[in-house]
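# Prediction below, plus the sequence it came from.
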Amino acid sequence: MDEIKQCLKGSISKADFTSAIADLFKKDDLTEIVSTIVKKLLENVKEDLRKEIVAECERVAKERTGELTDRLDSLEFENHQLREKLQEAKKENDKMRSDMNSSDRRSKLASAATNQTEQYSRKFNIKILGLEEKENECLRERIPNLVKEVTKINLDKRDIVAVHRIPGRQGQPRPVIVKFWSLDCKLPIIKKRKDFKQNKGIRLVQDVTKMNTELINKLSRHQEIDSAWYFNGSVYGKTKSGKRIKFDICDEIDSKIRV
C-alpha cells in the first residue's frame, strides 16, 4: 500500500482537474456559447412561428376567398335576374308608351274630326255681339228689322232657321246666334259687319268652335305669328315674314311654320 501511495503522489489532483475545466470554459466563452445556442433556438422558434402564421393566413385567405367567391356568384346571379326584370320592364314601358302615343294620336284625330264636324255645322251661323237685350224680345222679328235698317237687305222669315241668345260674359248682353238657311243668305250680311259696328255699335263675327277659338288665341300669342283668323271653316295664321298658313288643332305650330 505504501508503494502504491508513493506512486500516486505525482498524479493529477481533484483541484487540478476542476481548475483545468474552469480554464477550458472561461466565463466569456460560456456566455458566447449560451448566446449562440439561445439565438439558434430563437431562430428555429421564429421559423416555426412564421410557417405556422403563413399556413394560418393561407387557410384564412382561402376560406375568405371562398366566401367572397360564393357571395360574388350570388350577386352576379341576382344582378342577372335584375337585368332580366329591367329588360322586361323596359319592354312593357315601351309598349305602354307606344300604346299611349297611339291612343293620343287617335284622340287628337277624333278631336279634330269632332271639331271639323262641329265647325261645319256652324258654317251658316253668325254671332252678334253687343246687341242690347230687351224684355220679351222677339229675335225672329228683331234681327230681320236690324239687318234691313243697316244693310237695306230684306230677309224672308224662311231665311232664318234658328235664332237665340247664348251665355256670355257677366254684365254684358248675351251673344245672339243666327242660323241662316244658306250661305247666300249669310254672306251678304257678314260682309256688312263694319256697317253694324259703325251704325249700331254691335259686332258680327263667325260662329267659331271653342277649339278653333283657342287655336286662334294660341296663334295670336306666338312670337312668329303676325295675325290669326278664321275663314270658311278653317283657321289661318300669317307669319312675320308674310307667309300664310292653314292650321289645325292637332298641328305643332313651330313645326308647321318651319315647313
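Nice, thanks for sending it over.
# Every contact and neighbour count from this point should use C-alpha atoms.
Fine.
# in the stretch 151-259 of the chain, which spans are strands?
160-165, 176-180, 203-206, 225-231, 234-239, 244-247 (DSSP state E, counting those that start in this stretch).
# Could you check how far R83 is from A89?
With distances taken as CA to CA, to the nearest Å, R83 is found 10 Å from A89.
# Reformat the strands of the stretch 151-259 of the chain as a markdown table; add mean pLDDT and mean neighbour count.
Shown next, in a markdown table, are the strands of the stretch 151-259 of the chain (pLDDT from 0 to 100; neighbours: other CA atoms under 10 Å):
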| stretch | mean pLDDT | mean neighbour count |
| --- | --- | --- |
| strand 160-165 | 95 | 16 |
| strand 176-180 | 96 | 22 |
| strand 203-206 | 95 | 18 |
| strand 225-231 | 93 | 18 |
| strand 234-239 | 94 | 19 |
| strand 244-247 | 94 | 17 |
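# which parts of stretch 215-224 are buried?
In terms of neighbour count (16 or more other CA atoms under 10 Å), stretch 215-224 has its buried residues at 215-216, 219-220, 224.
# quick one, longest helix in this protein?
Determined from DSSP state H, the single longest helix within the chain is helix 27-121.
# burial of F124, as a residue count?
21 (other CA atoms under 10 Å).
# Per-residue pLDDT of it, please?
pLDDT for F124: 95.
# What number of residues are in the vicinity of L187?
14.
# Could you shift the numbering so residue one becomes 91, and keep it that way?
Understood, numbering begins at 91; the last thing we discussed is L277.
# ok, it to N322 distance?
Counting by CA to CA - L277 and N322 are separated by 11 Å.
# Also K282?
For K282, the distance to N322 - CA to CA - is 17 Å.
# if we can go back for a sec, need the strands of the stretch 241-349 of the chain in JSON lines (columns: distance to E225).
Below are those laid out as JSON lines (distance: least, CA to CA, whole Å):
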{"stretch": "strand 250-255", "distance to E225": "13"}
{"stretch": "strand 266-270", "distance to E225": "15"}
{"stretch": "strand 293-296", "distance to E225": "21"}
{"stretch": "strand 315-321", "distance to E225": "33"}
{"stretch": "strand 324-329", "distance to E225": "37"}
{"stretch": "strand 334-337", "distance to E225": "42"}
